[in-house]
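Q: what would the 3D arrangement of this be:
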Amino acid sequence: MKTIIQFFEESVNKFSDNVFMWEKKGEEYLAAKSEEFDKRWQSLIPDDYANICYTSGTTADPKGIILSHKI
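A: Got it, this is the predicted structure:
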């Protein structure tokens, strides 16, 4: 079974029952756990990881980089 991940409701795929609505899930989470969310984002520091990106290694060995919240 395949799942379609959509970010905005305007792009709803009406041909699949397996649609994960990213925006709607975020709204549901905030409605249920807004206090927990505020506590988490306010505890971030610049050196915390924001993203980990990997290469597939098609021309060499796979590699990855870690991006922090630091600007």
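Q: dihedrals phi and psi, the most centrally placed residue in the chain?
A: In the chain, the residue lying closest to the centroid (C-alpha atoms, centre = their mean) is Trp22, at 8.5 Å. Main-chain torsions, Trp22, degrees, to the nearest 10: phi -60, psi -50.
Q: with adjacent residues omitted, what lies nearest to it?
A: Take Trp22 and drop its neighbours on the chain: the residue closest to it by C-beta to C-beta, 6 or more residues apart in numbering is Phe7, 4.7 Å away. Yep, even glycine has a C-beta here, placed from its N, CA and C like the rest.
Q: does the residue nearest to the centre of the chain really touch Thr3, like I thought?
A: No: taking C-beta atoms under 8 Å as the definition, Trp22 is not a contact partner of Thr3, at 11.5 Å.
Q: tell me where the protein has helices.
A: For the chain, the helices defined by DSSP state H cover 22-42.
Q: quick one on the thing from earlier: pLDDT score assigned to the residue nearest to the centre of the chain?
A: pLDDT recorded at Trp22 is 72.
Q: distance of it from Lys39?
A: Look at Trp22 and Lys39: by C-beta to C-beta, to the nearest Å, they are 22 Å apart.
Q: got it, and Glu28?
A: 18 Å.
Q: run a quick neighbour tally on Asp48.
A: By other C-beta atoms under 10 Å, 10 other residues sit near Asp48.
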